[in-house]
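need coordinates for the below:
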Amino acid sequence: MIPRKIVIVSLCVFVIASVLVSSGIIYHQKSQADQPLDVEQVDIQMIPAWDIKIAYKELGTGDPLLLIMGWAGTMDLWNPSVVNTLAAHYRVIMLELTLDY
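As a prediction, the model looks like this:
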């Protein structure tokens, strides 16, 4: 039997991914000139979903790569050099699950 915590986290990730797809965030491509490659220079954006707003940062171009920090972590805990390296090859979307924004 699958542990309850794994089921809950999986459902949360599924719901957030569904919101991103339905809002067009995942499939919307911006030009290379519009996308900064330094995560520290990227502004936090918000997606309204039901009664909450989901915060995210987006940088780079290419195939989408969704970064979700662990349960109590924030997107600011990702190592900036790792995120910047990934953004050179992918369209990095970092989600904030703590709802503190």
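
select the longest strand from this protein.
The longest strand of the chain (DSSP state E) is strand 52-59.

which elements pack onto it?
Applying 3 or more C-beta pairs under 8 Å, 6 or more residues apart in numbering; DSSP states H and E, we find strand 52-59 packed against helix 4-23, strand 45-49, helix 80-87, strand 91-96. Where C-beta positions appear, they are placed from N, C-alpha and C, glycine not excepted.

what strands flank the shortest one, and is each parallel or antiparallel?
Strands adjacent to strand 45-49 in the sheet, as given by DSSP bridges, are strand 52-59 (antiparallel).

quick check: angle from the partner strand to helix 80-87?
Inter-element angle recorded for strand 52-59 and helix 80-87: 80 degrees (by axes from the mean of the first three to the mean of the last three C-alpha atoms, to 10 degrees).

in its sheet, what does the next helix or strand along the chain from strand 52-59 sit against?
Counting by DSSP states H and E, the element after strand 52-59 in chain order, helix or strand, is strand 64-68. Take DSSP bridges as the rule and strand 64-68 pairs in its sheet with strand 91-96 (parallel).

pLDDT on the strand it pairs with, on average?
Mean pLDDT, computed over strand 91-96, is 89.

in that strand, which residues are buried?
Under the neighbour-count criterion of 16 or more other C-beta atoms under 10 Å, strand 91-96 has Arg91, Val92, Ile93, Met94, Leu95, Glu96 buried.
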